[in-house]
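Quick one: sequence plus predicted model below, questions after.
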Amino acid sequence: MKNVADLFKTGEIQMEQAQNFMGHIEQGIDRSLMLLDELIEWSDVSSNDKEVTQEVLDLNEVIEKVITGIKEKAANKEQTLTFEKKDLPEVFFDKRALKMILKNLLVNAIHFTPNKGQIKVLVMEAMEYLHVSIIDDGIGIPKKMLPTIFEMGKDNRRFGTNKEKGIGIGLFICRDLILRNKGMVWIESTQENKGTTVMISVKRAIKPQEQKD
């Protein structure tokens, strides 16, 4: 963007030539704004001078709100996005962090799943945790990316199925926020052109034995 502006200012290119670059400039601005939004929200949620603000949450409610906020993205690709809601115990987590984590994982699934593909959100109960699975039937994750998929500073950017371009730090942000809330995140399975399953663990607010008592 700066190079085009400098060339135009010095007269080395004319308006008509500059206009040929406008599509690339617009994409660059969109990616820059997306990166800034992600970094600002992440820094606000995870600032080191703030304590993690955990609270008792209705996981069904949080998942449904996140899906409502991104369902248009899935609709634009004619994808089926489903959540099998069921009676669940409450969880203990920072609400803003949990919404940001789920949004990042679901947007990733949308980007790397082809048109008319399927994305599911499932929740399973364990002793101390609830496990949330984001399952898609998309293009999978290349084996060479798996060892560093959650790391900052690695070039994990790639194009989605409709040439969507990510910012390359979404999974790092997810892991950071999950670890701050005493949870876990991992790739349960991935196979080229046969989809990916990403799982996160969220701490139960009340353990099964305490519920019985």
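Looks like it arrived, so ask away.

going forward, measure contacts and count neighbours with C-alpha atoms only.
Noted.

burial measure for Thr68, as a count.
Close neighbours of Thr68, defined as other CA atoms under 10 Å, add up to 9.

you'd agree it is in a strand?
No. Counting by DSSP: H, G, I helix; E, B strand; the rest coil, one finds Thr68 to be helix, located in no strand.

Ala18 versus that one, what's the distance?
Going from Thr68 to Ala18 by CA to CA, to the nearest Å gives 39 Å.

Could you do Glu26 as well?
12 Å.

and if you look at Phe112?
With CA to CA as the criterion, Phe112 and Ala18 are 32 Å apart.

still on that earlier bit, give me the common contacts of Glu26 and Ala18.
Common neighbours of Glu26 and Ala18 are not found (criterion: CA atoms under 8 Å, 6 or more residues apart in numbering).

Can you show me the helices along the chain?
2-9, 15-20, 22-46, 59-76, 95-111, 170-180, 208-212 (DSSP state H).

which other helices and strands contact the fifth one?
For helix 95-111, the elements it packs on are strand 54-57, helix 59-76, strand 129-136, helix 170-180, judged by 3 or more CA pairs under 8 Å, 6 or more residues apart in numbering; DSSP states H and E.

For Val123, which of those is the nearest?
The closest of those to Val123 is strand 129-136. By CA to CA, the value is 4.5 Å.

residue ranges with poor pLDDT in the protein?
27-28, 30-52, 153-156, 166-168, 207-213 (pLDDT under 70).

sorry, back to before: save the helices of the chain as a markdown table, and put in distance to Ile139 too.
Supplementary listing: the helices of the chain in a markdown table, determined by distance: least, CA to CA, whole Å:
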| stretch | distance to Ile139 |
| --- | --- |
| helix 2-9 | 35 |
| helix 15-20 | 32 |
| helix 22-46 | 22 |
| helix 59-76 | 16 |
| helix 95-111 | 10 |
| helix 170-180 | 17 |
| helix 208-212 | 38 |
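
quick one, which of those is nearest to Glu188?
Ranking those by proximity to Glu188 (CA to CA) places helix 95-111 first, at 13.4 Å.

got the CA coordinates for the closest one in PDB?
Below are the C-alpha coordinates for helix 95-111, written out as PDB (Å, rounded to 0.1, in the frame of the first residue of the first chain):
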ATOM      1  CA  LYS A  95     -16.900 -15.700  29.200                       C
ATOM      2  CA  ARG A  96     -15.200 -13.300  26.700                       C
ATOM      3  CA  ALA A  97     -12.300 -15.700  26.300                       C
ATOM      4  CA  LEU A  98     -14.600 -18.700  25.700                       C
ATOM      5  CA  LYS A  99     -16.600 -16.800  23.100                       C
ATOM      6  CA  MET A 100     -13.300 -15.700  21.400                       C
ATOM      7  CA  ILE A 101     -12.000 -19.300  21.400                       C
ATOM      8  CA  LEU A 102     -15.200 -20.800  19.900                       C
ATOM      9  CA  LYS A 103     -15.400 -18.100  17.300                       C
ATOM     10  CA  ASN A 104     -11.900 -18.600  16.100                       C
ATOM     11  CA  LEU A 105     -12.300 -22.400  15.900                       C
ATOM     12  CA  LEU A 106     -15.600 -22.200  14.100                       C
ATOM     13  CA  VAL A 107     -14.400 -19.500  11.600                       C
ATOM     14  CA  ASN A 108     -11.400 -21.700  10.900                       C
ATOM     15  CA  ALA A 109     -13.700 -24.700  10.200                       C
ATOM     16  CA  ILE A 110     -15.800 -22.500   7.900                       C
ATOM     17  CA  HIS A 111     -12.700 -21.300   6.000                       C
END
